[in-house]
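Asks: please work out how this folds:
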Amino acid sequence: MNSLPIAERDGGVSVAATGEHGALVRDPLPRVIRRVAIPAVASNLLMTVFLAADAFWVGRRLGATALAAVTASVFWVWMGIAVAEMVSIGLTAVAARRHGERRPADAARAAGDARVLTLALGVAAAVAGHAWLDGMFAAMRTPADVAAVGRVYLGRYLLAAPVLYGYFVVDATFRASGDTRTPFVILLASVALALVLDPLLILGLGGLPRLGIAGAATATVLTRSLAFAVGLVLLWRRGMIRVGAPRPDVMLRIARIGLPTASTGVLFSVVYVLVARTASTFGTPALAALGLGFRVESWLYMIGVGFGAAAAAVVGQNLGAGLTERARRAGWTMLAWASAPAVLVTTLELLVPESLAAAFTGDASVIAETARYLRIVAVSQLVVCAEVVLEGALGGAGATVAPMLASTSLTLARVPLAAWAAARWGVDGLWWVISLTATARGLAMMALWRWGRWQRNVV
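Replies: Numbering: from 1, shown residues only. Okay, the predicted model is just below:
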C-alpha cells in the first residue's frame, strides 16, 4: 500500500502528560477513540485525497506511461518509508510508555534522539538511492520509456529524504502523547497547498514552467518539507522535543523495537518489486493497473492506518499505566471502528470497479485491467484493517517480532505463488495471489492479538 506520514493532535503534551492527566488511560474508550482516532483517520484521508489528485493529473494529463512510472517508483518509495518507520514505531512505543508513566521530559528527549537518527538514515537513503537509481528500474524490467520517466520522479523524491524522514519523528511524537489534532491542521494546510501546486507544476499553469512528472514529485516534496518544518517548530515550543548529546542506548532501543516492523516493510517493498516485474511481462496496462488498484484501496487502508496509529498510543499508554485489560479492549474496539467502512468499499469494488478506475485514467486498457484487479481483491478488503490496526496496536506494546514473522512469511510466499499463478492463469492469477495473501495477513494479526503474549513486553 501507499504508505505516507500519518498525523495526529490535541494541543501538545497537555493531552496525555500535563494538561489532561492520563486522558488516554482514564476516559471511556469510545470518547478516547473519537478524540484520538478520528482526527488521525481524517489526516490519513486528507493524504489520500492528495494521492488521488496526484494520480488524476498524472494519469489523465501525462498518460499511461507516466502512471506506470509512478507505480514503479512507489515501490522503492515504500522501501525508504519502511526504514523511516523503524524510528516512528520505536519512538511511539518508547515515548507513549514514558507518557503513561508521567515522564514527559524523558519522552521529549527520546524524540530528540529519534530526530538525530532519522537525519542520518535520510542522508544515507538519499546517497544510496541516487547511486543505484538506474538499477532500481532495471531490477523491475520496466519498459525503457517507463524507466526514463520513473528516474526523474524518484530522483526528485530521494533528494528530500532527510527532511521527509524527519516528518516521521514529528508524527510519532504527537501520536505518542495522544495529540491527534495539531498534525491534522498541519496536514490540512499542506494538502490544500499540494492540490494547488500539483497542476501548476505538472502542467505549467500560471506562468510556471511545465515540469511534467518532475512537477508531481516536487509538489509532494515541497509540501511535506513544509509540514515537517511547521511540526518541528510546534513541538519545540511545546517542550515535546529536546535535543541534547545523542544517547546511543536510547537510539538503539528505538531501533530495536522498530526494526522488525521496518524489516517487514522493506521485505514488502522488495516483494512488490518482484511482483511488479511479473506484472510488467503483461505490458504497461497491467503495471499501471497494479498502481491504480492500490490508489483505490488506499482509502480503506489509510482509515486502518489512522486507527492503528491511535491504537499504538492508547495501548502504549495504558500498558505504561498498568491497565492491561483496557489495552486489550482498545485493540479490538479500534479494529471494529476501522472495519465498518470495509463493507462499502467491498461493494463498490465488486459493482462499479470501472467507474473507480476511470476517475484516474482515460486509457481503456488500463481501466479494464484495473477493474479486473479490483473485483478479485474486493473480498480481502473486509479484513485489511485487521492487519494495519492490530499491527499498530502490537507496535504500541513493543511487540513487533511476531507480527514481522507472520507478515514476512506470507509476503514472501507471494513471489513463488505469483510466478506460478501468472504462468497458469495469466495476470488474473497474480491478482488472486495478492488478494489471498492480504486476507491471510489480516487473519494472522487477529490471532496474534488474541494470543495476548504482547501483554508481557517490557519497553
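Asks: next up, the contacts around Arg277.
Replies: Ala139, Met140, Arg141 (CB atoms under 8 Å, 6 or more residues apart in numbering). All C-beta atoms are positioned from the backbone trio N, CA, C, and that covers glycine.
Asks: tell me how far the helix or strand where it lies is from the chain's mean position?
Replies: For Arg277, the host element (DSSP states H and E) is helix 248-280. Here helix 248-280 is found 12 Å from its chain centre; the criterion is CA atoms, centre = their mean, to the nearest Å.
Asks: in it, what counts as buried?
Replies: 250-251, 253-255, 257-280 (16 or more other CB atoms under 10 Å).
Asks: the one helix or strand Val366 maps to: what's the following helix or strand?
Replies: Per DSSP H and E: Val366 is located in helix 364-377. Moving toward the C-terminus from helix 364-377, the first helix or strand encountered (DSSP H and E) is helix 384-396.
Asks: and the helix holding Val366, what does it pack onto?
Replies: helix 64-100, helix 284-320, helix 342-351, helix 353-358, helix 427-451 (3 or more CB pairs under 8 Å, 6 or more residues apart in numbering; DSSP states H and E).
Asks: returning to what we had before: next, format the contacts of Arg277 as TSV and append distance to Pro28, pLDDT and secondary structure.
Replies: Output for these, formatted as TSV (distance: CB to CB, whole Å; pLDDT from 0 to 100; DSSP: H, G, I helix; E, B strand; the rest coil):
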residue	distance to Pro28	pLDDT	secondary structure
Ala139	51	81	helix
Met140	49	80	helix
Arg141	54	81	coil
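Asks: and which of those is nearest to Ile213?
Replies: Ile213 has its nearest neighbour among the contacts of Arg277 in Met140, at 16.7 Å by CB to CB.
Asks: residues contacting that closest one?
Replies: Met140 touches Ala72, Phe75, Val273, Ala276, Arg277, Ser280, counting by CB under 8 Å, 6+ apart.
Asks: can you rerun that using 7 Å?
Replies: Ala72, Val273, Ala276, Arg277, Ser280 (CB atoms under 7 Å, 6 or more residues apart in numbering).
Asks: what of Val271?
Replies: Thr411, Leu412, Arg414, Val415.
Asks: now swap in Ala95 and tell me
Replies: Ala107, Ala110, Ala111, Thr173, Ala176.
Asks: swap in 10 Å and give it another go.
Replies: Shown in contact with Ala95 (CB atoms under 10 Å, 6 or more residues apart in numbering): 16-17, 103-104, 106-111, 114, 172-177, 240-241, 254, 313, 316-317, 459.
Asks: alpha carbons only: can I get the one helix or strand in the chain whose mean pLDDT sits lowest in CSV?
Replies: When each helix and strand of the chain is scored by mean pLDDT, DSSP states H and E, helix 23-26 comes last, with a mean of 72. This file holds the C-alpha atoms of helix 23-26, laid out as CSV (Å, rounded to 0.1, in the frame of the first residue of the first chain):
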residue,chain,number,x,y,z
ALA,A,23,-6.8,11.1,29.4
LEU,A,24,-5.9,8.0,27.3
VAL,A,25,-5.9,5.8,30.4
ARG,A,26,-8.8,7.5,32.2
